[in-house]
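K.L.:
Quick one, what's the 3D model for this:
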Amino acid sequence: QVQLVESGGGLVRPGGSLKLSCAASGFTFSTFTMRWYRRTPGKEREFVAAIYTDANDVRYNDEDSMRGRFTISRDNAKNTAYLQISPLKPEDTAVYYCNAYRGWIDGWGQGTQVTVSS
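P.N.:
Presented below is the predicted three-dimensional model:
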């Protein structure tokens, strides 16, 4: 059973940085694609980044407002995926969700709130 627990969110000032973590259990972490999504009130869930089983193979949301500020990574020895965001902007305020995906298996965490405000 896929279990994912996000952490690392919080209140940060514009221009700051955060590194979110996603601790995984219940499955063979190294064989799953890991993805980050975010959701803001009134908006659809938005893809942020993905990292495949080859950690050098990553994808990012290429929207202008997001390009170049997100870095996804994984540590298979720790069964953990990460998302670093820098510099943060107010429009990054959202709940960030971790997702583990392989074939028909698609698991989600409970999310971690990121608030960017001065």
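
K.L.:
Tell me who's in contact with the residue most central in space within the chain.
P.N.:
Computing the C-alpha centroid of the chain and ranking residues by C-alpha atoms, centre = their mean puts W36 first, at 3.1 Å. Counting by C-beta atoms under 8 Å, 6 or more residues apart in numbering, W36 makes contact with 20, 22, 48-50, 70, 72, 81, 83, 96-99. Every residue, glycine included, has its C-beta placed from N, CA and C.

K.L.:
who wins for most neighbours among the residues you listed?
P.N.:
Compared across these, A81 has the highest neighbour count, 31 neighbours, by other C-beta atoms under 10 Å.

K.L.:
In contact with that one, which residues?
P.N.:
21-22, 24, 34, 36, 51, 72-75, 98.

K.L.:
would a markdown table of these with distance to K89 and secondary structure be doable?
P.N.:
Below are the contacts of A81 laid out as a markdown table (distance: C-beta to C-beta, whole Å; DSSP: H, G, I helix; E, B strand; the rest coil):
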| residue | distance to K89 | secondary structure |
| --- | --- | --- |
| S21 | 21 | strand |
| C22 | 22 | strand |
| A24 | 28 | strand |
| M34 | 24 | strand |
| W36 | 16 | strand |
| I51 | 22 | strand |
| I72 | 18 | strand |
| S73 | 21 | strand |
| R74 | 25 | strand |
| D75 | 27 | strand |
| C98 | 21 | strand |
